[in-house]
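Asker: Need a 3D model of the following:
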Amino acid sequence: MGFKHSKGRLERLAKVLFTPSPEAADAASPVPNEQRNVLRVLVAAQIFSGAGIAAGVTVGALLAEEMLGTTTLAGIPSALFTGGSAAAAVLIGRISGKRGRRPGLATGYALGALGSAAVVFSAILDNPVLLFMSLFIYGSGTATNLQARYSGADLATPNYRAQAISTVLVVTTLGGVVGPNLASPMQGVAELIGIPKYAGPFILSGFAYGAAAAVIGMFLKPDPLLRAKELAAAGETRLEVPSVSTSASDSGLDDNGEPIVDPSIRHGLFVGAMVLVLSQLVMVAIMTMTPVHMKDHGHATSATGLVIALHVAGMYLPSPISGRLTDRLGRTTMAVASGVTLLVSGIVAALAPAESVPLIAFALFLLGLGWNFGVVSGTAIITDNVPLATRAKKQSSVDVAIALAGASGGLVSGVVMSLSNYAALGLAGGFLALAMVPVVFRMANKLRGVALASS
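Answerer: Numbers count the residues shown, from 1 in each chain. Predicted structure coming up:
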């Protein structure tokens, strides 16, 4: 009996991971209209929050350097952003799980606005300790911006889930472009009102995050996670892949009265988390050292800026295409595509002549593209395999791992560069990303075997 139940559960997961999606859900359902409204609100909030992230990150290290009078500790802001992001991910996940996405996201953006304001005051007071505390809180905005992608998927049917995620991701590009371009004018505004110039962009961040919090707080109705739970309670089954045993023989509960978690679902959760973590680690490691590599070989700042701009374009602009491919070709196919693309990126970066800006730019574009494939497919796998009751908590735990992976990638990349060179870093990153492929294929073969045996 237990074997039959396991087969049935593996079959359900196999359908999610390997079956091309059917046609869109019936337009007469109330879900599409609600989902469209959710996406419109999230799009607006993401534009604001993207500007908030980019404006502050652009000058964070410069502000620290100016206040401390040394470059030795100028890397601290990046570490504080990451630490604050990881802590905020836990907080947002808990609030969202208990009260819904709207209060969770609104709180995160509000904390980002508070941190921005505190950074400005720390600059005025010339207080480095307050600056570091403020930057930690400011990192909440980054975590919230990332968690918003989950909100886009709560009311999406499985055949449209990755496209919903990609819609939320792609609009971050708009804010990411606007924020840095307004950094210089905001420095002028700061000097005009008599405060340190590098505090100016954080004024913009404060207003941007505040606007995002207001948009979410006032207009994210119905709350997508709470609404999804309501639909599930009413018998709606299209929004969630079954994740607990519901057979009549065991009633889906263990001896302690807790839901029996499907082992195949745990495997799917692991695969999704692995894809997200490895994509983030490899992307951050290679991206962080590319400007250093280019500077060491005499490239101008404008050339470095162009390379990074193309990298950011690769990270976000292909999202609508990667979302559709993930829904149509399957999550596993695109997860494998992520590993392969990141491998190719690492090889191109390693083999590109140091004087060749076009080849370095091509490698960084592929790096962003591979990351995009990984984020869209990994997020879809996570959402598919987490029951509504624990979805926000599990998703926030994954985002903590992503934040820590990014921090580790930045730290390890510097060590690799100091011990070897940029080529070694590129190859190491590429082959590390490729490690996700056999794990995904192993899961694929196992689930396909069960599906074929039952047919």
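Asker: Let me see the domain layout of the chain.
Answerer: Annotated domains of the chain cover 8-22+262-455, 26-237 [automatic domain parsing].
Asker: would CSV of these with mean pLDDT and mean neighbour count be doable?
Answerer: Yep, even glycine has a C-beta here, placed from its N, CA and C like the rest. Putting these into CSV (pLDDT from 0 to 100; neighbours: other Cβ atoms under 10 Å) gives the following:
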stretch, mean pLDDT, mean neighbour count
domain 8-22+262-455, 80, 20
domain 26-237, 83, 21
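Asker: so what's residue 66 up against?
Answerer: By Cβ atoms under 8 Å, 6 or more residues apart in numbering, residue 66 lies in contact with 196, 198.
Asker: The one helix or strand it maps to: what's the following helix or strand?
Answerer: Per DSSP states H and E, residue 66 falls inside helix 30-68. Next along the chain after helix 30-68, taking DSSP H and E as the criterion, comes helix 76-99.
Asker: could you give the angle of that next one to helix 30-68?
Answerer: Going by axes from the mean of the first three to the mean of the last three Cα atoms, to 10 degrees, helix 76-99 is angled at 150 degrees with respect to helix 30-68.
Asker: what helices or strands is helix 76-99 leaning on?
Answerer: The contact analysis (3 or more Cβ pairs under 8 Å, 6 or more residues apart in numbering; DSSP states H and E) places helix 76-99 against helix 30-68, helix 101-125, helix 128-138, helix 140-153, helix 391-419.
Asker: looking at the ones you listed, which is closest to residue 438?
Answerer: helix 391-419 (19.4 Å; Cβ to Cβ).
Asker: so how far is that closest one from its chain's centroid?
Answerer: For helix 391-419, the separation from the chain centroid amounts to 11 Å (computed by Cα atoms, centre = their mean, to the nearest Å).
Asker: now for that helix, which elements pack on it?
Answerer: helix 76-99, helix 140-153, helix 263-296, helix 357-384, helix 422-434.
Asker: between the longest one and helix 357-384, how big is the angle?
Answerer: Direction vectors for helix 263-296 and helix 357-384, defined by the same axes, to 10 degrees, enclose an angle of 160 degrees.
Asker: immediately after helix 263-296, which helix or strand?
Answerer: Using DSSP H and E, the helix or strand that follows helix 263-296 in sequence is helix 301-316.
Asker: ok, residues contacting that next one?
Answerer: Counting by Cβ under 8 Å, 6+ apart, 169-170, 172-173, 176, 283, 287, 290-291, 294-295, 357, 360-361, 364-369, 371-372 sit against helix 301-316.
Asker: again with stretch 195-212
Answerer: The contact list for stretch 195-212 (Cβ under 8 Å, 6+ apart) reads 45-46, 48-49, 51-53, 55-56, 58-59, 62-63, 66-67, 109-110, 112-113, 116-117, 119-120, 123-124, 138, 141, 144, 175, 179, 182-183, 186-191.
Asker: Ok, stretch 289-298 next?
Answerer: So stretch 289-298 is in contact with 303-304, 307-308, 311, 349, 354-355, 357, 360, 364, 413-414, 416-417, 422, 425, going by Cβ under 8 Å, 6+ apart.
Asker: Please apply the same query to stretch 416-426.
Answerer: With contacts defined as Cβ under 8 Å, 6+ apart, stretch 416-426 is touched by 285-286, 289-290, 292-293, 345-351, 354, 363, 413, 428.
Asker: could you redo the last one with a cut-off of 10 Å?
Answerer: Residues outside stretch 416-426 that contact it (Cβ atoms under 10 Å, 6 or more residues apart in numbering): 282, 285-286, 288-290, 292-294, 296-297, 345-352, 354, 360, 363, 367, 412-415, 427-429.
Asker: how long is it end to end?
Answerer: End-to-end distance of stretch 416-426 (Cα to Cα, to the nearest Å): 10 Å.
Asker: repeat for stretch 414-424
Answerer: 12 Å.
Asker: Check stretch 68-87 too.
Answerer: Stretch 68-87 has an end-to-end distance of 25 Å (criterion: Cα to Cα).
Asker: Show the contacting residues for the residue positioned nearest the centre of the chain.
Answerer: Central residue of the chain (Cα atoms, centre = their mean): residue 146, 4.5 Å from the mean position. Residue 146 makes contact with 49, 53, 85, 88-89, 92, 108, 168-169, 172, 375, 379, 395, 399, 402-403, according to Cβ under 10 Å, 6+ apart.
Asker: Could you check how far the closest residue to residue 390 other than its chain neighbours is from residue 161?
Answerer: Here the nearest residue to residue 390 in space, its sequence neighbours aside, is residue 97; by Cβ to Cβ, 6 or more residues apart in numbering that works out to 7.2 Å. For residue 97, the distance to residue 161 (Cβ to Cβ, to the nearest Å) stands at 19 Å.
Asker: Residue 210 too?
Answerer: With Cβ to Cβ as the criterion, residue 210 and residue 161 are 30 Å apart.
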